[in-house]
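Enquirer: Quick one, what's the 3D model for this:
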Amino acid sequence: MAYHGGRAFSVLVVRPLPSTASLTALLHEVFGYTEFRGQQQAVIEHVCADADALVLMPTGGGKSLCYQVPAIARHRDARGMTVVVSPLIALMHDQVGALEEAGVHAAFLNSTLTSEQALHVEREMMSGRLVLLYAAPERVTTPRFLAQLGALYERGGLSLFAIDEAHCVSQWGHDFREDYLALNVLHERFASVPRIALTATADELTRADIIARLQLQGARVFISSFDRPNIRYHIVEKDNARLQLLRFINNEHEGDAGIVYCQSRRRVDETAVWLNGQGMTALPYHAGLDAAMRRWHQDRFLREEGVVMVATIAFGMGIDKPDVRFVAHLDLPKNIESYYQETGRAGRDGAPANAWMTYGLADVVNQRRMIDDSPAGEAFKRAQRGKLDALLALAEAYDCRRVRLLAYFGQDSRPCGNCDNCLDPPATWDATEAARKALSCMYRFHQQGGMRFGAGHLIDVLRGQATDKVAQHHHEQLSTYGIGADLIESQWRAVLRQLIALSYLRTEGEYNTLEPTPSAREVLRGEVRLQLRVVSKAPKRDRGAAAASHQDSRRREKTPPVPLDAKGLARFTALKSWRAEVAHAHNVPAYVVFHDATLAEMARTGPASLAALAGVSGVGAKKLQAYGQEILRVLAAA
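Expert: Prediction:
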């Protein structure tokens, strides 16, 4: 804005766009990487050209660089500060710490700051010295903050808006947050400031909602591959969920950091206590804990090794810990978006990781009941039922899990060879006659007394069990009594679970009684064939096999990201000890200083000079200056 004769008028300043070479040089200088990954470069160049973007990139795919690199480049070009809208205090702290470690002036405004600290950040913001400012949506849309942004905007000090976790704006998404709805004010008040919205999970319906609600109709949509080939998907029938979880952790991930998701707070607390009793370091996390306790548990998870976080969905979004080796679900998530987002918190460093889930008939019933009992409109319920059906199809599939998962997001793929169904193809059986027997029995219930019953009683009648309830209702007199004695209870539960998943059955009322849907008549008439998975039992291991597995697990836990000889392993261990001291002194998680992959590369190559150390991926100019001589000392002494 310039003034002439007391009147204000705009001055158009034409600046050359940063070249690809200059952006790559910036990437190496600040972050220590020599090249961009996937669509990062295209996104960054698009945003640097003052254009809006919607970016869908999987967790661990490098979304943050898509706005951090433009923010730095534009600030150096005197275009002002970037505002990052994030709902996550933990992510703000981690990213600001990592940026400051890399020599980029960044700050956050959230409820953890004192009034004096907040005023200091605001002064830095108004001074033009800040490159990036992280703030929650509810703060960004306050009159005070908007007025400050307006003052910056008037003098050309507002460079870019980055809206992270953009799926939160959509009612169709898995983590809708009402505060996000007000973010359209950014476009209305600061129309010339480009915006980049980013998310890891959004199906076609959610993407359309994001575009509409954030007024991004003119934005270019960048969709990266949703595939995370380093994650192995494994889904098992629920038997004894805790023992199944224990067997999984002991056999595959002893000593590893992981996340265990449960549906209820009570189940979180009980599971955490139980895992601690099994010799693990397990911490609970849910909204029922006070804020100080949640922060303490989260900090321990981020900063210590081998911690298992047992949590509801209140934990995880935006957690940037790279070495989470497994994510386990003891209960069925709401939909594939939730499942993908939560499993994507494993293996962010690119090393092998596991996504493990156990689920059963009760999970299906509970999820359907929550949808049916919600106060939402019928259109929303119908959409949520469709999303749940897609997740159930994934869980019941006997073909490649990854093919089905990626197809949900509109991506074609081939069998991966790295999921449970590819590695150990399940046997299947024709369950058509079994389904017809179950449906016939339910119709007999209704004909006899107009009553509905739950899965347990139905199975008892089919198997010919002489229970008190069977005698009470005279169900031993039904023609269907005992006609399913050839199947065991777990097989019948699998049949009923699949009938519910395929919408041939539905649950009713607080007692979850079963009722056939109109389409069930197609099954009864033999017009539909049902091919189901054979119920599998987890292999029982003897103590010797379990001990050998545990030894293998410990070896895996100690194995660095790249193969190292004995000298390299000694260097790697020494570097990790040095990193832990630095992280403690700077009050940041260890991976903020350097990722394991960077330390492993140092250990492998053993650089003896600053110039050689600068060639290691992940070593930027600021970190080279700050830590270079110390790293060379540690390497020489190891």
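
Enquirer: What is the neighbour count of the closest residue to residue 388 other than its chain neighbours?
Expert: Leaving aside its sequence neighbours, residue 388 sits nearest to residue 367 (C-beta to C-beta, 6 or more residues apart in numbering; 5.5 Å). In this view, the C-beta of every residue, glycine as well, is placed from N, C-alpha and C. As a burial measure, residue 367 scores 23 neighbours (other C-beta atoms under 10 Å).

Enquirer: Please report the distance of residue 367 from residue 332.
Expert: 6 Å (C-beta to C-beta, to the nearest Å).

Enquirer: what do you get for residue 58?
Expert: Here the criterion is C-beta to C-beta. By it, residue 58 lies 22 Å from residue 332.

Enquirer: neighbour-wise, which of the two wins?
Expert: residue 332 (24 against 21).

Enquirer: is it true that the more buried one touches residue 391?
Expert: Yes. At 7.1 Å, residue 332 counts as touching residue 391 under the criterion of C-beta atoms under 8 Å.

Enquirer: which residues are common contacts for these two?
Expert: Here residue 332 and residue 391 have no joint contacts, going by C-beta atoms under 8 Å, 6 or more residues apart in numbering.

Enquirer: where do the strands sit along the stretch 401-550 of the chain?
Expert: Using DSSP state E, counting those that start in this stretch, the strands of the stretch 401-550 of the chain run over residues 428-430, 505-508, 513-516, 531-533.

Enquirer: ok, residue 443 to residue 18 distance?
Expert: Residue 443 is 70 Å from residue 18, by C-beta to C-beta.

Enquirer: With neighbour numbers in mind, choose between the two.
Expert: Between residue 443 and residue 18, counting by other C-beta under 10 Å, residue 18 is the more crowded of the two (21 against 14).

Enquirer: How about the more buried one, nearest residue that isn't a chain neighbour?
Expert: Here the residue nearest residue 18, using C-beta to C-beta, 6+ apart, is residue 73, at 4.9 Å.

Enquirer: burial measure for residue 146, as a count.
Expert: Residue 146 has 16 nearby residues by other C-beta under 10 Å.

Enquirer: brain fart, residue 378
Expert: Neighbours of residue 378 under the rule other C-beta under 10 Å: 7.

Enquirer: which stretches of the stretch 201-350 of the chain aren't confidently modelled?
Expert: 314, 316-318 (pLDDT under 70).

Enquirer: Please enumerate the strands of it.
Expert: With DSSP E, counting those that start in this stretch as the criterion, the stretch 201-350 of the chain has strands at 220-223, 231-237, 257-261, 281-285, 307-311, 324-329.

Enquirer: ok, the nearest residue to residue 51 once chain neighbours are set aside - contacts?
Expert: Counting by C-beta to C-beta, 6+ apart, residue 51 lies nearest to residue 194, which is 6.0 Å off, once chain neighbours are set aside. In this structure, residue 194 makes contact with 47, 50, 51, 52, 53, 160, 161, judged by C-beta under 8 Å, 6+ apart.

Enquirer: From those residues, list the buried ones, please.
Expert: 47, 52, 53, 160, 161 (16 or more other C-beta atoms under 10 Å).

Enquirer: which of the residues you listed lies closest to residue 220?
Expert: residue 53 (5.3 Å; C-beta to C-beta).

Enquirer: For that closest one, list each beta-bridge partner.
Expert: Here residue 53 sits in beta bridges with residue 196, residue 220, going by DSSP bridges.

Enquirer: follow-up on the earlier one: double-check the residue nearest to residue 388 against residue 389; I have them as touching.
Expert: No. Between residue 367 and residue 389 there is no contact under C-beta under 8 Å: 10.3 Å.
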